[in-house]
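In: Quick one: sequence and predicted model below, then my questions.
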Amino acid sequence: MGLLEQYGSDAVRYWASSARLGLDAAFEETQIKIGRRLAIKVLNASKFALSMGIPWDADEATVAAAPAPCLDASVVSEPIDRAVLAALADVVDVATAAFEDFGHARALEVTESFFWTFCDDYIELVKDRANDFDGSHDDAAVHSARATLAIAVDTFVRLLAPFLPFATEEVWSWYRTGSVHRAAWPQSDGLREASAGADAELVARAGAALAALRKVKSEAKTSQKTPILSVGLAVAADRPEYAQAIEAVRADLTEAAKVTGPFTVEQTAPAADSTEGASPVTVTAAELGEAPAKKK
């Protein structure tokens, strides 16, 4: 009871669900903490993704008048948005096959892995376009991002419902009636049709570029909201797909990293001391502006 009271039922269930059939499962409180973190992230990320276009300080009347999330995949048009749907389709197929083979731990593993990529990379890349508070974005591109965010949340809560029943039920109640536990299991067919020809790896590659730009600010010990006045990126010559990914998401990447000036990309030979696992995208030069004043 102490563990349930401290971490919540979803967190304890997450630990139990991580155990693979046929193998001994050691008790790990650390794993329960990870489950709690995941449950909280499902709540927070879903709330953020479903509230695009609504100011954070909006009153209850404004929130109540906001349109329902768009779940129509036919409006998804931007390369990075279509890439998310393609990657989601792969996750749905793997998770479904795992469940059919009684591999619930594998289903959780593949879903959780892409969920964090979705949160850390995709949401950060498109949140400015999806919010469009200044009205500077193309309407079709805005609707594309908002629909992708909603479809992703709608897919993730169903995929994670067997593992985090309470957090996913809460999210479901925000925009749908009934229970997520009575809802149909997600299907990949519609996702694949809407993302035909899209590269599912685009999200991770764009995320590598965003991480490289963020690293510059982290190392300078400045806010991520600090503008980058100019920047140069280098992509290993043997990884041209990363250069292509950067060009495909240049507009979103520029906004997400707050790049206000020249933004160049060049391909270079892999460094002689490069190690396995090193990022294929590095910053060769960057000039930072003044960090924005902190709000009281």
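Out: Cool, the structure landed. Residues are numbered from 1 along each chain as shown.
In: which element is residue 96 on?
Out: Element membership of residue 96, judged by DSSP states H and E, is helix 79-100.
In: in that helix, what's buried?
Out: 79-89, 91-92, 94-96, 98-99 (16 or more other C-beta atoms under 10 Å). All C-beta spots, glycine's among them, are computed from the backbone N, C-alpha and C.
In: Now do the helix or strand encompassing residue 112: which elements does it pack against?
Out: Taking DSSP H and E as the criterion, the element that holds residue 112 is helix 104-117. When contacts are defined as 3 or more C-beta pairs under 8 Å, 6 or more residues apart in numbering; DSSP states H and E, helix 104-117 sits against helix 9-17, helix 29-50, helix 79-100, helix 139-160, helix 202-219.
In: Output the ones you listed in CSV, with distance to residue 128 and mean pLDDT appended to each entry.
Out: Below are the helices and strands packed on helix 104-117 laid out as CSV (distance: least, C-beta to C-beta, whole Å; pLDDT from 0 to 100):
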stretch, distance to residue 128, mean pLDDT
helix 9-17, 31, 94
helix 29-50, 13, 95
helix 79-100, 13, 97
helix 139-160, 9, 97
helix 202-219, 12, 93
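In: which one of those helices is the most hemmed in?
Out: Highest mean neighbour count among those (mean count of other C-beta atoms under 10 Å): helix 139-160, with a mean of 23.
In: how about the strands in the stretch 151-296 of the chain?
Out: With strands called from DSSP state E, counting those that start in this stretch, the stretch 151-296 of the chain shows them at 228-236, 263-268, 281-288.
In: Among those, which comes closest to residue 257?
Out: When the strands of the stretch 151-296 of the chain are compared by C-beta to C-beta, strand 228-236 sits nearest residue 257, at 6.0 Å.
In: For the closest one, which helices and strands make contact with it?
Out: helix 202-219, helix 240-248, strand 263-268, strand 281-288.
In: Kindly recompute the last result at 6 Å.
Out: strand 263-268, strand 281-288 (3 or more C-beta pairs under 6 Å, 6 or more residues apart in numbering; DSSP states H and E).
In: wait, which of the strands of the stretch 151-296 of the chain is closest to residue 204?
Out: strand 281-288 (11.2 Å).
In: Buried residues in the closest one, which are they?
Out: Counting neighbours by 16+ other C-beta under 10 Å, strand 281-288 gives 281, 282, 283, 286, 288 as buried.
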